[in-house]
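> below are the sequence and a predicted model; questions follow.
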Amino acid sequence: MRPEAGAVPVRAPFGERLAAVRAARGSLCVGIDPHPGLLADWGLEDSPAGLERFSLTVLDAVGPVAAALKPQVALYERHGGRGLAVLETLLARAADAGVLTIADAKRGDIGSTMQAYADAWLGEGRPLAADAVTLNPYLGFESLRPALDLAAATGRGVFVLALTSNPEGRSVQHVGGAASVARSIALAAAAENAGRGRGHVGLVVGATVGDAAQGLGLDLAGLNGPILAPGVGAQGAGPRELRAAFGDALPSVLPTSSRAVLAAGPDAAALRTAAERTRDELA
Ligand SMILES: O=C(O)c1cc(=O)[nH]c(=O)n1[C@@H]1O[C@H](COP(=O)(O)O)[C@@H](O)[C@H]1O
């Protein structure tokens, strides 16, 4: 059972919990992206019932061999309230099973509204609260303050977009050269984590970004927090791309793959094997 809203959190800081899970299960994060085409491939309807079967199958098959599961919330939102109810069920079942969840919601808004997003995705006892949430800093890193503070207070984490895996990201994130937008986000995240054992403020840096992090002077090894690296598999990144993108910071990286692992379903054993193989190839 989840604690009531307002109850004192009992969990350890997110960075500590993540480190413990990684030591036991490795570093792969598997995205749960129930695209209509994948549901069809699995013989499931594009409906809340299909979504639930898909989500819980991935949880049971992959949860025990992954560092975290990352549901992409748009693929639940497109089913309206019943889709969000499935996401709620998935998050609750994962919490009961001791599987860490990162809600890929990419939220970001002016401070007063950000407070509501923070409460929705990180608030104690809230139905959609995950262990961590992805955040979009386009309104300014400091606009994320409610989520940064609530995550710290509740033992949860955030992953702030810095260098995204899509080619269009550079038109915003690389702007400024030596004082790039991406570097300013990385510096702000590192400042949040300073003085903490293992920081709760992570960054999103795509596995596909090549040498952009070094080129723009991002000190990823000095972040003192986790780095979510989507782009493994379907977007073309593998072990070589991860090494090139992260170098010394690799121990902090959670390589992240969705479609390439999910395509192995619906058979649970095949799904688990695909996740283990991906994890071990990247280790
Ligand atoms: O925040 C994310 O998760 C994310 C950031 C990013 O830079 N690139 C990126 O692909 N993602 C998400 O990661 C997942 C990638 O899925 P696959 O390409 O199927 O592995 C999708 O849910 C994306 O929305």
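Received the coordinates, thanks.
> longest helix in this protein, by residue count?
For the chain, the helix with the greatest residue count under DSSP state H is helix 80-97.
> next SSE downstream of that helix?
Next in sequence after helix 80-97, counting helices and strands by DSSP states H and E, comes strand 102-107.
> what's in contact with the longest helix of the chain?
2, 32, 48, 51-52, 55-56, 59, 63, 69, 71, 73, 75-77, 79, 100-101, 103, 127-131 (Cβ atoms under 8 Å, 6 or more residues apart in numbering). All C-beta spots, glycine's among them, are computed from the backbone N, C-alpha and C.
> and what of stretch 149-158?
Contacts of stretch 149-158 (Cβ under 8 Å, 6+ apart): 9, 11-15, 17-18, 102, 118-119, 122-124, 129-135, 144, 147-148, 200-202, 226.
> in strands, which of those residues fall?
Ile102, Ala132, Val133, Thr134, Leu135, Val201, Gly202 (DSSP state E).
> what is the second one paired to in the beta sheet?
Taking DSSP bridges, one obtains Ile102, Gly157 as the residues bridged to Ala132.
> and the gap between it and Leu163?
Separation of Ala132 from Leu163 (Cβ to Cβ, to the nearest Å): 18 Å.
> list buried residues within the contacts of helix 80-97.
32, 48, 51-52, 55-56, 59, 63, 69, 71, 73, 75-76, 79, 100-101, 103, 128-131 (16 or more other Cβ atoms under 10 Å).
> which other helices and strands contact the helix or strand where Thr278 lies?
In this assignment (DSSP H and E), Thr278 forms part of helix 268-282. On a contact count with 3 or more Cβ pairs under 8 Å, 6 or more residues apart in numbering; DSSP states H and E, helix 268-282 meets helix 48-62, helix 239-246, strand 253-257, helix 259-262.
> close to the ligand: what parts of the stretch 51-200 of the chain are there?
Gln72, Asp104, Lys106, Thr134, Thr164, Ser165 (Cβ under 6 Å from any ligand atom).
> ok, now which ones touch Gly236?
Thr208 are the contacts of Gly236 under Cβ under 8 Å, 6+ apart.
> export the residues of the stretch 51-200 of the chain next to the ligand to TSV and tack on pLDDT?
Shown next, in TSV, are those (pLDDT from 0 to 100):
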residue	pLDDT
Gln72	98
Asp104	98
Lys106	98
Thr134	99
Thr164	98
Ser165	98
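> got the residues you listed as CSV, with distance to Ala269 and neighbour count columns?
As requested, those are exported to CSV (distance: Cβ to Cβ, whole Å; neighbours: other Cβ atoms under 10 Å):
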residue, distance to Ala269, neighbour count
Gln72, 24, 20
Asp104, 26, 25
Lys106, 33, 18
Thr134, 30, 24
Thr164, 33, 21
Ser165, 29, 20
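> nearest to Leu250, of these?
Distance ranking of those against Leu250, using Cβ to Cβ, places Ser165 first at 16.6 Å.
> low-confidence bits of the chain, can you list those?
1-9 (pLDDT under 70).
> so who does the residue nearest to the spatial centre of it touch?
With distances taken as Cα atoms, centre = their mean, the chain has Ile102 as the residue nearest its mean C-alpha position (4.2 Å). By Cβ under 8 Å, 6+ apart, the residues touching Ile102 are Cys29, Ala68, Leu69, Lys70, Ala130, Asp131, Ala132, Val133, Thr134, Gly157, Phe159, Leu228.
> again with Val175
Val175 neighbours (Cβ under 8 Å, 6+ apart): Val181.
> wait, a helix at Tyr160?
Just to correct that, residue 160 is Val rather than Tyr. No - according to DSSP: H, G, I helix; E, B strand; the rest coil, Val160 belongs to no helix; its state is strand.
> can we start the residue count at 652 from this point?
Let's use 652 as the start, then, which means that last one is Val811.
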